[in-house]
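Enquirer: fold the following, please.
(6 chains)
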Protein chains: 6
Amino acid sequence: MRPSGRATDALRAITIETGVSRHAEGSCLIRMGDTHVLCTASVEENVPPFLRKTGLGWVTAEYGMLPRATTSRNRREASAGKQSGRTQEIQRLIGRSLRAGIDRVALGERQITVDCDVIQADGGTRCASITGGWVALRLAVNKLLKAGDVKSDPITTHVAAVSCGVYGGQPVLDLDYAEDSVAGTDGNFVMTGEFGLIEVQGSAEGATFSRGELGQLLDLAEKGISDLVAAQKAAIS
Amino acid sequence: MRPSGRATDALRAITIETGVSRHAEGSCLIRMGDTHVLCTASVEENVPPFLRKTGLGWVTAEYGMLPRATTSRNRREASAGKQSGRTQEIQRLIGRSLRAGIDRVALGERQITVDCDVIQADGGTRCASITGGWVALRLAVNKLLKAGDVKSDPITTHVAAVSCGVYGGQPVLDLDYAEDSVAGTDGNFVMTGEFGLIEVQGSAEGATFSRGELGQLLDLAEKGISDLVAAQKAAIS
Amino acid sequence: MRPSGRATDALRAITIETGVSRHAEGSCLIRMGDTHVLCTASVEENVPPFLRKTGLGWVTAEYGMLPRATTSRNRREASAGKQSGRTQEIQRLIGRSLRAGIDRVALGERQITVDCDVIQADGGTRCASITGGWVALRLAVNKLLKAGDVKSDPITTHVAAVSCGVYGGQPVLDLDYAEDSVAGTDGNFVMTGEFGLIEVQGSAEGATFSRGELGQLLDLAEKGISDLVAAQKAAIS
Amino acid sequence: MRPSGRATDALRAITIETGVSRHAEGSCLIRMGDTHVLCTASVEENVPPFLRKTGLGWVTAEYGMLPRATTSRNRREASAGKQSGRTQEIQRLIGRSLRAGIDRVALGERQITVDCDVIQADGGTRCASITGGWVALRLAVNKLLKAGDVKSDPITTHVAAVSCGVYGGQPVLDLDYAEDSVAGTDGNFVMTGEFGLIEVQGSAEGATFSRGELGQLLDLAEKGISDLVAAQKAAIS
Amino acid sequence: MRPSGRATDALRAITIETGVSRHAEGSCLIRMGDTHVLCTASVEENVPPFLRKTGLGWVTAEYGMLPRATTSRNRREASAGKQSGRTQEIQRLIGRSLRAGIDRVALGERQITVDCDVIQADGGTRCASITGGWVALRLAVNKLLKAGDVKSDPITTHVAAVSCGVYGGQPVLDLDYAEDSVAGTDGNFVMTGEFGLIEVQGSAEGATFSRGELGQLLDLAEKGISDLVAAQKAAIS
Amino acid sequence: MRPSGRATDALRAITIETGVSRHAEGSCLIRMGDTHVLCTASVEENVPPFLRKTGLGWVTAEYGMLPRATTSRNRREASAGKQSGRTQEIQRLIGRSLRAGIDRVALGERQITVDCDVIQADGGTRCASITGGWVALRLAVNKLLKAGDVKSDPITTHVAAVSCGVYGGQPVLDLDYAEDSVAGTDGNFVMTGEFGLIEVQGSAEGATFSRGELGQLLDLAEKGISDLVAAQKAAIS
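Expert: Predicted coordinates:
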C-alpha cells in the first residue's frame, strides 16, 4: 500500500495552469500533488557565442528551489554564492530534455530560457520541471509563430518526464517524497509523446537492480508519460 | 491622471492569501496589483552566535526575485554567484522593519526567517514584502503560541509599508512600475499600526524634494498604511 | 549631556584637507572629529555600457574601511572575498547623492569614480564620505574645466550629509559612535546647499518615532548642512 | 567500421597499474586506450557531520581534469574559481557508484575519499574513473584490513562502469572521443561484478532511442563489465 | 643620473609618524618619498588553530592598496571578490619578515596582525610596509610589556627592507616608480638591524644578472637598511 | 649526513620523460626523486589584451597539485573555489622564469601556457616545474619552428631551477621534503644555462643568514643547474 493510497500505476493529481506570468512569453504552474513548479519561457533574440552565425537556435534551462519549498528551510543558493551540484545536474537535464523535442534550424538564431522554480516540493521536482517546462516552451513558441518571427513549428514532439521506483518491493509510478526517501532504486524517465526515450536515469544507492526491474519501471513510465502528455495537451488547447 | 486610472491616494487592488505553503510555519501570497510576493516564515530553534545564551530571539529576512518576474529576464543571482547590492539592501530593510514590531524577550531564544520571493514584479516589491512578511510572521508566531512554545505574544504591533512618490508633479500613493520608473522623488514608508515611523526612506535621483513634499508623502503613506493594516487584519482573522 | 560635551546642535570639529593624493584628479581628507575619510575622485574617459553613445556622464562611488579603522579589527573585505551588504548599501547611497548635484549632460560621456576610504571610524562615516566626496568631485571637475575638457560646469549645487538622532530622549546633531550605538532612532540626511532634500533615511531598530521627531531631526540637519557647506566652501577656495 | 577498427563489442586496450602514489593508501593509473586517469584513495579517520556517532562510514569522490588533458586547453577550474556543473555531476556519480559496493557498517566511522584525476582524455573518463577508483578503494581497504583497523571486509562486490552508444547506426561498446562526439545516443552503465545495475544513464541529445536499443546497449555493457572486472581482479592480485 | 636627482646610494626622504590610529595598539604612517603606507598592529588574544595550546604566538600581515593610490585607478579588490596573486605574495612576505625578528615563546599565545595599507604608491610599497610594519609591531609590543601582559621583550631585533636595482646600467638604492618600471633587474632585501639576511629576492624579467651585480645590490642594501633602522629608532624613541 | 644519504652537492635522481601527452604541443614528466611533475606547453594563437597588436608573444604558467600528491590529502583548490596564495606565487615565478629565456619578438603574437601539475610531491616542486616546464616549452617551440609558424628560434637559453638550503648546519643542494621541513634557511635559484641569475629567493623563517652563506648556496646552485641543464639537453635530443 502506498502512503498516499494511490494505485501502483497512478500519477498524483496533476494540474497545469497556463499564463501565470504577465511578463514571460510562455508560462505555467504545474502541480503534481504537493509538488508545485512555476515554469517560464523567455525568448531572447541572441544565442550563446558558440552558436553565433550558425543559424541554429538554443533552448536552455535553469532550476531553483525557494528556501522553504522543503520540510525544513534550505539555505538560499544566491546567499551561499553558488548553485549546488544537484541544482546544476538538474538544470542540465531539463535543458537537454527539452532540446530533444526542438528543431533548432526551424527555431532560428534565438534562445529560449526555461526557468523552473520550485514553489513547493514533495518529490519529483525535476520531472515536473520538464513536463511543465515543455508547456511554457510550447506557449512561447506559439507566440513566435503567431508573430511570424518563426515560420515553421520548431517543436517536433511532446517532452515529458516521470519518476518510478521500487517501494516496499513493488514498482510504483510517480514517487512522492515519502516514497522517494526510502526507495532503494529509482529512476527518472524522459520521453517524447511517442515513447521515444530521451533520457533514462536509473539509480540505486546502497543496492542494485536487475534488468527485469528496469523493464517494469519502463512499463510504468510509459503509462505515466501517456497521462502527462494528455495533461499537456489539455493545458495548451 | 495616473496610468492605472487610480486616485492619487488609492492603493492597488490588494489580496493576501494565507496558508499557501504546506511546509512553512507561516505563509502568504500577497498581491498588490501585478506585484506578487510569496512570503514564508520559518522557525528555527537556535539563534545566530551573537545572541546565544542571551535569552533574546531574532527575526531576519531574505529577499529574492525569480528571473522572469520582470519585463525582461534578469540573471539568476544563484547563478551569478552573489546577491546584488540592491537585494542585500532590501532584505536588511525587511528584517529591520519586522524586528521593530517584535518583543525579542518574549520570543525567546529562537530565530524566525522570513523569505520574501517575488513571483511577479510591477513596482513596490520591498513594501509588499514587508506587509506580507508581517502576515507570515504573525501566523508562525500564532503557531508557537498555540503549541505553548511561546507564552506571551512577542508581536507588539502591525508592521506595514508603502511607497509614495511625486508623479507628474503630483504626490501619489503606492507607485506601480510605470510610475516608479519616471518619478523623480519617491519614498518608502514603514509604519506600525499606530502610524509610528519605523523607517522613512525618501530619495531623489537627479533632483531634490522639499520638506513640504515630504510631509505630503507622509500624509499619503498614513492613508495607505491604514488600508494595508486593515488587509492584514482581514487576512489573519 | 552628550558624551563629548557638545551642544545638541553642534557638529564635531571638522577639517577638510585637499590635494592629499598625488595621483587623483581630486582628493581630500575629511575629518569629522575622530572619523577620518580619504576621498579621491578619478576621471575615466568612458562610461558604463548602459550609457554609451548617450552623451551622458556618470558619477559613481565606492566605499571601504581599513580593517583597523574600528575599535576592534574587522576582517578585510578583499580577504573575505566580498563586500558586505552594509558596504554596498553605503556606496550606492554616496553615488546616488553625488549624482543629484550633477548635470550629466554638461559632464559629457565620461565617468568620475569617487572612492571613500575610512581611515578611522567614530560614527557617521557615510555622511562624512558624502560631504568629503563632493569636495573631491568638485576639484576633479575644476581640473576638467581648466583643461577645457568640459565647457560648462556640470556641478549644479553643493551636496552634504549629516546624521541626527535621538540620544537620551533629546534630538542631537552629528552622532558620534558613543551616541550612535545607543540611539533608538537615527537618520541620515543628504541635502543640497539650498536645503533641497536628496535623501532622507530615518530608522528605528526596536522602536518607532513620530512625525514630530522627524521634523526636529530635519531642523537639526539643516543647521548641520549649513555648517558643512561652509566648510566645503572654505576647503575649495 | 569503428574509427579505431575495434569490433563492436571490444573494449579499448586496458591497463591498471597499481601503487603509483607513494603517499595514498590505495592508488592506480587506469588506461582505457588514450584515456588515462590517476585514482587515489585517501583514508581519513573522521566522517562528515551528518554521520558523526552513527558508526557508519562514508565513501566520496572528487574528479578533476588537467587543463591539457584535452585536444585544446581547458581553463583550470581552480583558476576559474569553481567546479563546472559537469565536474560536479561526474563526481557525484562516482561516489554514488562506489558506495553501492560498500558495507558502511563494516567500514566503521571513517571516510575514504577517492580522487580521480584525468591525465589524458579520449572519451569515457567518468567510466574509467569508476573502474579505476574501485581498484584504489580496494587497495586502501586491504591496508585497513591488514592493519586490523577494519575487522570484516566492507567491500561487498566489484564496481565497474562502461559507456555504450549508437555509432553509425550500430550499437558499440566503450566509445572513444571520435565516436562519442558524433553518437546521437549514448549511455553509461555502472554494474557490480554480478551484473547488478547500480546506475543506468541513457541519453539522447536531439534524438531519441527505443527500449530495444536500450536492451542492445545493456547487452554490450554486460560484456564490457565482464572484461573490466577481470582486469580489476588481475590488477589487485 | 636618477630621475629624482638622488645619489645612487641615497634613500628617498623618509618620515615615520607614529600613533596615527586612535584604535590600533600600534600604528605609524611611513612615507618613503611619495610612497605612503599606513601600518597598524592589532593584538588579538587568540591564535590560529594550528598553534592552540602550544604556548607560541603568531605575527601575520595583510596588505592592501587604495584604488587610487596609483597613477590610474585600480579595481578595488573587495569589489573584484579576491586578492590578487601579487597582494597575497606581498602579505606573505611581510608576515614572514616580521616573524624573523620575534621570539614567539616570549610573545605567548596571542596573535598580532599587522595591516599595511598603501595610501599612495610610488614604488617600493612592500619594503615600506615591512619597515613601517615593524614600527607598528614594536609599539604594540611596548603596550603589552607596559601592561604586564608580556613579561620579556619578544622583539629580538629590528627588521627593515629596501629595494635596489640596476637603473641605466648603474646599481641604485631604493627605486622609485620611474626607476622600477624600467629596471631590468631589481631586488628586495629584508634584513635585521645587524644586516642578518631574512629574505633576498632578486629578479630579472627578460634579462639576467650576475653574482657580481647581486653583490653590488647587497652593498647598497646594507647602506639603506642602516639608514632605515636609524629612522625606526628615531620614530619609537 | 643527509636523510637520503646524498652528498651535499648531489641532486636527487632525475629523469625527464618527453612526449607524455598526446594532445599538448610539448610535454614531459620530470621526476626529481619522489617529486613528479607533469609539464605541458599549449600554444594559442592569441595573446592577452595588453599585448594585442604589439607583435610580442607571451609565455605564462599555471601550477597545481593533485589532492593526494602530499603525505596527507589536501583540499582540491577547484573545490575550495580559489587558488591559494602559495599556488599563485609559484605560478607567477614559473612564468617569470621561463620568459627570461624567450625572445618575445621572435615568438610572435601568440601565447604559450605551461601547465605544471604535481603528481607526487617530496619537496622542490616549484624548481622541478621550472626545469621541466622549460623542456615542454622547448618541444612546443620546436613544433612551431618545424611547421614554419615561427621563423627564428625564440628560445635564447636554457632555464632551470634548484633549491639549496642549510640542513644540519651544512649547505646542501636540492632539498627533499625531509630536509626542507626543518631547514632554517633555504633558497630557490633560477638560472640560465650560462649561470645568469634570473631569480634568487633566499628566505629564513625565524632566523637569518649571512652573505657568506648566500654565497655557499649560490656555489651549490651552480653545480645543480649544470647537472639539470645536462638532463634537459639529454631529454630533448
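Enquirer: alpha carbons only for contacts and neighbour counts from here, please
Expert: OK.
Enquirer: residues of chain A that sit close to chain D?
Expert: Residues of chain A lying close to chain D (C-alpha under 8 Å from any C-alpha of the partner chain) are A:85-86, A:88-89, A:96-97, A:99-102, A:192, A:195-211.
Enquirer: so of these, which ones are in helices?
Expert: The subset of the residues of chain A next to chain D located in helices under the criterion DSSP state H comprises A:85-86, A:88-89, A:96-97, A:99, A:211.
Enquirer: ok so, going back, among the residues of chain A next to chain D, the buried ones, what's the PyMOL command?
Expert: What follows is the PyMOL syntax selecting those of the residues of chain A next to chain D that are buried according to 16 or more other C-alpha atoms under 10 Å in any protein chain shown:
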select buried, chain A and resi 85+88+89+96+97+99+100+101+102+192+195+196+197+198+199+200+201+202+203+204+205+206+207+208+209
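Enquirer: so which of the residues of chain A next to chain D also contact chain C?
Expert: Checking the residues of chain A next to chain D against chain C (C-alpha under 8 Å from any C-alpha), there are no matches.
Enquirer: let's see the helix or strand bottoming out on mean pLDDT in chain A as CSV, backbone CA atoms only.
Expert: Here the helix or strand of chain A ranked lowest by mean pLDDT, DSSP states H and E is helix A:77-80, holding a mean of 91. Backbone C-alpha positions of helix A:77-80 (Å, rounded to 0.1, in the frame of the first residue of the first chain) are rendered in CSV as follows:
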residue,chain,number,x,y,z
GLU,A,77,21.7,29.4,-3.2
ALA,A,78,22.1,33.1,-4.0
SER,A,79,23.2,33.7,-0.5
ALA,A,80,25.5,30.7,-0.4
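Enquirer: and the closest residue to A:Val59 other than its chain neighbours, how far is that from E:Glu109?
Expert: Distances taken as C-alpha to C-alpha, 6 or more residues apart in numbering or on different chains put A:Ile112 closest to A:Val59, at 4.9 Å, once the chain neighbours are dropped. Using C-alpha to C-alpha, to the nearest Å, one gets 60 Å for the distance from A:Ile112 to E:Glu109.
Enquirer: who has more neighbours out of those two?
Expert: When neighbours are counted by other C-alpha atoms under 10 Å in any protein chain shown, A:Ile112 comes out ahead of the other of A:Ile112 and E:Glu109, with 23 against 20.
Enquirer: is A:Leu38 in a helix, a strand, or coil?
Expert: The three-state assignment at A:Leu38 reads strand, by DSSP: H, G, I helix; E, B strand; the rest coil.
Enquirer: these two touch, right, it and A:Ile30?
Expert: Yes. Assessed by C-alpha atoms under 8 Å, A:Leu38 is found in contact with A:Ile30 at 6.5 Å.
Enquirer: tell me the residues that contact both of these two, please.
Expert: A:Gly132 (C-alpha atoms under 8 Å, 6 or more residues apart in numbering or on different chains).
Enquirer: dihedrals phi and psi, the residue of chain A found nearest chain F?
Expert: Chain F sits closest to A:Lys82 of chain A, with a gap of 10.2 Å, by C-alpha to the nearest C-alpha. The phi and psi values for A:Lys82, taken as degrees, to the nearest 10, are phi -160, psi 160.
Enquirer: mind listing what it touches?
Expert: Applying C-alpha under 8 Å, 6+ apart, the residues contacting A:Lys82 are B:78-82.
Enquirer: name the secondary structure element that contains the closest residue in space to A:Ser21 that isn't next to it in sequence.
Expert: If you skip the residues right next to it in sequence, A:Ser21 has A:Ser27 as its closest partner in space, 5.9 Å away by C-alpha to C-alpha, 6+ apart. If you go by DSSP states H and E, A:Ser27 is part of strand A:26-32.
Enquirer: note down every partner strand of that strand and its orientation.
Expert: Sheet neighbours of strand A:26-32, with direction, are listed as strand A:14-18 (antiparallel), strand A:35-44 (antiparallel) (DSSP bridges).
Enquirer: how close does the residue of chain A most remote from its centre get to A:Val141?
Expert: Taking C-alpha atoms, centre = their mean as the measure, the residue most remote from the mean C-alpha position of chain A is A:Lys53, 29.8 Å away. Distance, A:Lys53 to A:Val141, by C-alpha to C-alpha: 21 Å.
Enquirer: same check on A:Ser152?
Expert: Summarising the geometry, the distance separating A:Ser152 from A:Val141, computed by C-alpha to C-alpha, is 10 Å.
Enquirer: which one of those two has more residues nearby?
Expert: A:Val141 (23 against 12).
Enquirer: confirm A:Ala106 sits in a strand?
Expert: No. Inclusion of A:Ala106 in a strand is not indicated when three-state DSSP is applied; the result is helix.
Enquirer: show me the contacts for the residue in chain A positioned nearest to chain E.
Expert: Using C-alpha to the nearest C-alpha, A:Gly81 is the residue of chain A that sits closest to chain E, at 11.5 Å. Listed by C-alpha under 8 Å, 6+ apart, the contact set of A:Gly81 reads B:78, B:80-83.
Enquirer: what about the most centrally placed residue in chain A, which SS state?
Expert: The residue at the geometric middle of chain A, judged as the C-alpha nearest the mean C-alpha position with C-alpha atoms, centre = their mean, is A:Ile130 (1.3 Å). For A:Ile130, the secondary-structure state derived from three-state DSSP is helix.
Enquirer: A:Val159 is in contact with that one, correct?
Expert: Yes. A:Ile130 sits in contact with A:Val159 when judged by C-alpha under 8 Å, with a separation of 7.3 Å.
Enquirer: identify the contacts common to the two.
Expert: A:97-98.
Enquirer: tell me how far the residue in chain A that chain C sits nearest to lies from D:Gly81.
Expert: Closest approach of chain A to chain C (C-alpha to the nearest C-alpha) occurs at A:Gly81, with a separation of 10.2 Å. With the distance defined as C-alpha to C-alpha, A:Gly81 ends up 12 Å from D:Gly81.
Enquirer: quick revisit: hmm, who's touching the least confident helix or strand of chain A?
Expert: For helix A:77-80, contacts defined as C-alpha under 8 Å, 6+ apart pick out A:83-84, B:77-83.
Enquirer: where does the prediction get shaky in chain A?
Expert: Residues of chain A meeting the criterion pLDDT under 70: A:206.
Enquirer: can you pull the residues of it lying near chain B?
Expert: A:21-24, A:34, A:40, A:42, A:66-73, A:77-83, A:115, A:117, A:120.
Enquirer: gap between stretch A:129-143 and the chain center?
Expert: Per C-alpha atoms, centre = their mean, to the nearest Å, the displacement of stretch A:129-143 from the mean C-alpha position of its chain is 10 Å.
Enquirer: between strand A:35-44 and the helix or strand hosting A:Ala136, find me the angle.
Expert: Using DSSP H and E, the secondary-structure element containing A:Ala136 is helix A:125-146. Note on geometry: by axes from the mean of the first three to the mean of the last three C-alpha atoms, to 10 degrees, helix A:125-146 and strand A:35-44 are set 40 degrees apart in direction.
Enquirer: how far away from the center of its chain is helix A:125-146?
Expert: The offset between the C-alpha centroid of helix A:125-146 and the centroid of the whole chain comes to 9 Å, using C-alpha atoms, centre = their mean.
Enquirer: got the CA positions of it in CSV?
Expert: In CSV, the C-alpha atoms belonging to helix A:125-146 read as follows (Å, rounded to 0.1, in the frame of the first residue of the first chain):
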residue,chain,number,x,y,z
THR,A,125,10.6,18.2,-8.9
ARG,A,126,12.9,17.6,-11.9
CYS,A,127,10.3,15.6,-13.7
ALA,A,128,7.6,18.2,-13.0
SER,A,129,10.0,20.8,-14.3
ILE,A,130,10.5,19.0,-17.6
THR,A,131,6.8,18.4,-18.1
GLY,A,132,5.8,21.9,-17.2
GLY,A,133,8.8,23.4,-18.9
TRP,A,134,7.7,21.9,-22.1
VAL,A,135,4.3,23.6,-21.8
ALA,A,136,5.9,27.0,-21.2
LEU,A,137,8.2,26.4,-24.1
ARG,A,138,5.2,25.4,-26.3
LEU,A,139,3.4,28.6,-25.4
ALA,A,140,6.4,30.8,-26.1
VAL,A,141,6.9,29.2,-29.5
ASN,A,142,3.2,29.7,-30.3
LYS,A,143,3.8,33.4,-29.7
LEU,A,144,6.7,33.4,-32.0
LEU,A,145,4.7,31.6,-34.7
LYS,A,146,1.7,33.9,-34.3
